[in-house]
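1. sequence isn't available, so here's the structure alone:
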């Protein structure tokens, strides 16, 4: 079963806010000068910010904000966030891989930005019974 | 760069307790756009059986990434942090983190592998309360890029 697609807009302001909230002040997430100096195309989103947005998609699909029992991703490609008002967009889809007899639902998740997959092996297990 | 594979299994001392604050959970939830009341309103959280506001699933990274500095800055291990990328991240939850938790992290090096000139270091962080109740286990794989 395929779950409804969810999209998340990401702007530079979101990265600054996430840096402050998470304590991850790596300059590749706020300085174009630094990011291009280490060979990146520009400022990129924190991988953990992308994982957090995908986590929101998971809890929305689960219908419960406290139902995640296992959640893992591999960061395969950076999410480049331009310095403009519209930023970029992350598109998240998932399929239900398994529903166990104990009330767990396992999801295989796909997250793309500008048509490219930014995560691989993205999987979540959510509690759906009780 | 090559890392000594004999470090697999090395465990670091428990970190100082991290006090999970209600406002920190609200701030983190706002930063990721998580508007569900369970992250913001203690009454809504209690209605779902939690003692206080509930942290979003990736909130433990605030603790575990800081705790992993033990490994990243371990002079014996010798990771060149300027060449590090975040490769993988996983959380397995016993229960969600809630405001009021006092959490301690215990880091261990679970795996070190080499491929294509890069070194991959996986840490496992057991997060438990100061009373010893397990809360979440986090795995972080770092990619230490080779000198291309």
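-> Cool, got the structure. Worth saying up front: this structure is predicted, and the values here are computed from it rather than measured.
2. against which helices or strands is the strand ranked longest in chain B packed?
-> When chain B is parsed with DSSP state E, its longest strand is strand B:102-115. The contact analysis (3 or more C-beta pairs under 8 Å, 6 or more residues apart in numbering or on different chains; DSSP states H and E) places strand B:102-115 against strand B:18-19, helix B:61-67, helix B:69-72, strand B:118-129, strand B:134-144. Where you see a C-beta, it was placed from the backbone N, CA and C, and this is true even at glycine.
3. one more time with 7 Å, if that's ok
-> Other elements packing on strand B:102-115 under the criterion 3 or more C-beta pairs under 7 Å, 6 or more residues apart in numbering or on different chains; DSSP states H and E are helix B:61-67, helix B:69-72, strand B:118-129.
4. just these: most buried one?
-> Of all these, helix B:61-67 has the most neighbours on average by mean count of other C-beta atoms under 10 Å in any protein chain shown, namely a mean of 22.
5. give me the contact list for that one.
-> A:22-24, A:48, B:15, B:18, B:28, B:103, B:105, B:107, B:125, B:127, B:138, B:140 (C-beta atoms under 7 Å, 6 or more residues apart in numbering or on different chains).
6. list the contacts for the residue lying closest to residue A:61 once chain neighbours are set aside?
-> Spatially, and ignoring its direct neighbours in sequence, residue A:61 is nearest to residue A:3 (5.0 Å; C-beta to C-beta, 6 or more residues apart in numbering or on different chains). Neighbour list for residue A:3: A:61, A:93-94 [criterion: C-beta under 7 Å, 6+ apart].
7. highest neighbour count among those residues?
-> residue A:94 (23 neighbours; other C-beta atoms under 10 Å in any protein chain shown).
8. mind checking how far the residue nearest the centre of chain B is from residue B:105?
-> Nearest to the geometric centre of chain B sits residue B:64, at 2.4 Å (C-alpha atoms, centre = their mean). The gap separating residue B:64 from residue B:105 is 6 Å, by C-beta to C-beta, to the nearest Å.
9. quick check: neighbours shared by the two?
-> With C-beta under 7 Å, 6+ apart, residue B:64 and residue B:105 have common neighbours B:125, B:127.
10. please report how far the residue nearest to the centre of chain B lies from residue B:127.
-> For residue B:64, the distance to residue B:127 (C-beta to C-beta) stands at 7 Å.
11. okay, and the common contacts of those two?
-> With C-beta under 7 Å, 6+ apart, residue B:64 and residue B:127 have common neighbours B:105, B:138.
12. biggest helix in the chain, by residue count?
-> You didn't pick a chain, so chain A it is. Using DSSP state H to define each element, chain A has its longest helix at helix A:47-62.
13. sorry, should have said chain B
-> Chain B, longest helix under DSSP H: helix B:22-31.
14. what does that helix contact?
-> Counting by C-beta under 7 Å, 6+ apart, A:17-18, A:21-22, B:39-40, B:52-53, B:55-56, B:59, B:62, B:99 sit against helix B:22-31.
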